[in-house]
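Colleague: fold the following and give me the result.
(chains A, B, C and D)
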Protein chains: 2
Amino acid sequence: MSRAARLLDLMQILRRHRRPVSGATLATELGISLRTLYRDIATLQAEGADIEGEPGLGYVLRPGFLLPPLMLSADEIEALALGSRWVAERSDDRLAMAARNALAKLSAVLPRDVADSLDQSGLMMAARPDTPDVRIDLAVVRQAIRAEHKLDIAYADQAGVVTDRTIWPLALAFFDHVRVIVAWCELRGGFRHFRADRISRIVATSKRYPQRRLSLLAEWRRQEGIDENRL
Amino acid sequence: MSRAARLLDLMQILRRHRRPVSGATLATELGISLRTLYRDIATLQAEGADIEGEPGLGYVLRPGFLLPPLMLSADEIEALALGSRWVAERSDDRLAMAARNALAKLSAVLPRDVADSLDQSGLMMAARPDTPDVRIDLAVVRQAIRAEHKLDIAYADQAGVVTDRTIWPLALAFFDHVRVIVAWCELRGGFRHFRADRISRIVATSKRYPQRRLSLLAEWRRQEGIDENRL
DNA sequence: ATCAATGCTGACATTTTTTGACAGTATGAC
DNA sequence: GTCATACTGTCAAAAAATGTCAGCATTGAT
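Modeller: Sure, this is the predicted structure:
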């Protein structure tokens, strides 16, 4: 059996057992050595499988590696399909691909007839209007937002004056024509909004910023007077 | 990338495409040679994946493969969250509610940390811009599209002249500021586009229109020269 | 009938990965 | 401490994966 096949088997075995299983048991069941089993577990974990191993006990798979079956109403399906179409048309390539992938995954866990209506939904999104060129990779921004990492950017203000800044990115806001990064700016010592099309250079740092994103965002909302109750 | 990871990727790519995809395309996307792709396909088929290859066409994955898709990635979660926010801000109340409900259902089947990032995603949608008032209930239109039912409407054209028409609604298209119903118009005997804000009265009938929506839509696309390959 | 696009197979040298064996360390329960 | 277990490092042998090349087969279009 090829290793790839064995890894799938291992997943199945782990899904079967609710109690911890010892590595030795798994190794025997798969017909491999204990050392190889440890390597297989490590590989699955690297793929994102939530396998927990405790010395003296064994392994358990915490749910969440595979997507469970799901049921959605017709309206809900259409809402997701339409939203994803917006993302596919109006955001950057990478997020567009993610939207397609998400729908494909969902459609695989929905009952057949419901899944079909994902494709066939009668809600269409107009093609993207002209938007200023964004020269930076927004995936870097999204990643930094998730990780609460600082970013170094070169930003041209309205007058065209370029400054180098270190910012703490809090959110990425989508308007009809522009995308704006909401951030704390170290240079100015305050919240600032940066249009993505005016950023000429961006460098991800691995430095975490010293406060929690959600509380900074709440503070920003307070200052801007923005209603909390967004979806 | 390890082979095991690549095989999962391949499954996902196949899930994403509903039309046949050529082996060459898949190989390029995965960064491997065509020969290796054929081997990968063979491996997946040996595992039980229902992949069909037709000479001259390409590959399609028939649904129902036992291996459910992997959990949604961070990007996919953000894409869904952002898309749903768009729907919540920019569509009508009922669809907005459906978007929220869909996210809630998803949230319920996702592991805790992933579910949290649905809410806390740093992607925000700007509030709805000024749009002409839509006086009709778009839920009626969506329902008619799904059921392939005729609608009776009172429509004011650009000059303000109101006509009563019976239409076969095919799709509802979302532009930045207006929503347009794509339909076959019985009065004119052709495809017409109706801005939702110019419809003053709408009545759902329970009469089914005499052709299939998807084939009418394909014909409309052909006439309008619209690319088939929208999400 | 021909052609182009595509699926599919075999062979083989090369490269990469996988594997088991052995020797350790670490951790938590008792 | 002892035990059961998880984990890691190293290394050489074995196995698998890979790309290239050379071909055949099937389908649909012209």
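Colleague: for chain A, just list every one of the strands.
Modeller: Along chain A, counting by DSSP state E, strands occupy A:51-54, A:58-61, A:123-125, A:149-156, A:162-174, A:179-185, A:190-195, A:199-208.
Colleague: got a list of contacts for the fourth one?
Modeller: It refers to strand A:149-156. A:140-141, A:143-144, A:162-169, A:183, A:186, A:194, A:198-209 (CB atoms under 8 Å, 6 or more residues apart in numbering or on different chains). In this view, the C-beta of every residue, glycine as well, is placed from N, C-alpha and C.
Colleague: what angle separates that strand from strand A:199-208?
Modeller: For strand A:149-156 and strand A:199-208, the angle between their directions (axes from the mean of the first three to the mean of the last three CA atoms, to 10 degrees) works out to 160 degrees.
Colleague: for the fifth one, same thing?
Modeller: Taking the same axes, to 10 degrees, one finds strand A:162-174 and strand A:199-208 inclined to each other by 80 degrees.
Colleague: counting by contacts, list what strand A:162-174 packs against.
Modeller: With contacts taken as 3 or more CB pairs under 8 Å, 6 or more residues apart in numbering or on different chains; DSSP states H and E, strand A:162-174 sits against helix A:138-147, strand A:149-156, strand A:179-185, strand A:190-195, helix A:213-224, strand B:123-125.
Colleague: how about those, which one is nearest DNA strand C?
Modeller: Set against DNA strand C and scored by CB to the nearest atom of the strand, the helices and strands packed on strand A:162-174 come closest in helix A:138-147, at 24.9 Å.
Colleague: for the closest one, what is the average pLDDT?
Modeller: What helix A:138-147 shows for mean pLDDT is 95.
Colleague: show residues contacting it.
Modeller: Under the contact criterion CB under 8 Å, 6+ apart, helix A:138-147 has outside partners A:91-92, A:94-95, A:149-151, A:169-172, A:179, A:181, A:196, A:202, A:204, A:208, A:213, B:74-75, B:78, B:117, B:122-123.
Colleague: report the buried members of those residues.
Modeller: Buried residues within the contacts of helix A:138-147, defined by neighbour count using 16 or more other CB atoms under 10 Å in any protein chain shown: A:91-92, A:95, A:149-151, A:169-172, A:179, A:181, A:196, A:202, A:204, A:213, B:75, B:78, B:117, B:122-123.
Colleague: so A:Met124 bridges to which residues?
Modeller: B:Ala173 (DSSP bridges).
Colleague: leaving out sequence neighbours, find the closest residue to the residue in chain A that chain B sits nearest to.
Modeller: Taking CB to the nearest CB, chain B has its nearest neighbour within chain A at A:Gly83, 2.6 Å off. Taking CB to CB, 6 or more residues apart in numbering or on different chains as the measure, A:Gly83 lies nearest to B:Gly83, with 2.6 Å between them; neighbours along the chain are not counted.
Colleague: ok, now which ones touch that neighbour?
Modeller: A:Leu80, A:Leu82, A:Gly83, A:Ser84, A:Arg85, A:Trp86, A:Val87, A:Ala99.
Colleague: output those residues as CSV; include the columns pLDDT.
Modeller: Written out in CSV, the entries for the contacts of B:Gly83 read as follows (pLDDT from 0 to 100):
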residue, pLDDT
A:Leu80, 96
A:Leu82, 96
A:Gly83, 97
A:Ser84, 96
A:Arg85, 94
A:Trp86, 95
A:Val87, 95
A:Ala99, 96
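Colleague: so which of the residues you listed are in helices?
Modeller: Secondary structure from DSSP state H places A:Leu80, A:Leu82, A:Gly83, A:Ser84, A:Arg85, A:Trp86, A:Val87, A:Ala99 of the contacts of B:Gly83 in helices.
Colleague: so A:Glu148 touches A:Leu214, yeah?
Modeller: No. Under the criterion of CB atoms under 8 Å, A:Glu148 is not in contact with A:Leu214, lying 9.6 Å apart.
Colleague: list the buried residues in stretch A:118-136.
Modeller: Along stretch A:118-136, the positions that meet the burial threshold by neighbour count (16+ other CB under 10 Å) are A:Leu118, A:Ser121, A:Gly122, A:Leu123, A:Met124, A:Met125, A:Ala126, A:Val134, A:Ile136.
Colleague: pLDDT below threshold where in chain A?
Modeller: Across chain A, residues meeting the criterion (pLDDT under 70) sit at A:227-231.
Colleague: and A:Asp137, how many residues sit next to it?
Modeller: Other residues lying near A:Asp137 total 14 when counted by other CB atoms under 10 Å in any protein chain shown.
Colleague: spatially nearest residue to it, not counting backbone neighbours?
Modeller: Nearest one to A:Asp137, counting by CB to CB, 6+ apart, is A:Ile202 at 7.3 Å.
Colleague: hang on, isn't that neighbour packed against A:Ile136?
Modeller: Yes. With contacts defined as CB under 8 Å, A:Ile202 counts as touching A:Ile136 at a distance of 4.5 Å.
Colleague: and for A:Leu8, the neighbour number?
Modeller: A:Leu8 is surrounded by 19 other residues when neighbours are defined as other CB under 10 Å.
Colleague: what's the separation between it and DNA strand C?
Modeller: The span separating A:Leu8 from DNA strand C equals 13 Å under the rule CB to the nearest atom of the strand, to the nearest Å.
Colleague: how about A:Gly48?
Modeller: Taking CB to the nearest atom of the strand as the measure, A:Gly48 and DNA strand C are separated by 16 Å.
Colleague: how about A:Ile199?
Modeller: Distance check for A:Ile199 against DNA strand C: by CB to the nearest atom of the strand, it reads 36 Å.
Colleague: which strand residues bridge that residue?
Modeller: A:Tyr155.
Colleague: surely it meets A:Arg135?
Modeller: Yes. At 7.3 Å, A:Ile199 and A:Arg135 qualify as touching, with contact defined as CB under 8 Å.
Colleague: A:Met124 is in contact with A:Ala81, correct?
Modeller: No. With contact defined as CB under 8 Å, A:Ala81 does not count as touching A:Met124 (9.9 Å).
Colleague: how many residues are close by the nearest residue to A:Gln45 once chain neighbours are set aside?
Modeller: Sequence neighbours aside, A:Ile51 is the residue nearest to A:Gln45 in space, at 5.6 Å (criterion: CB to CB, 6+ apart). For A:Ile51, the count of nearby residues is 17 (other CB under 10 Å).
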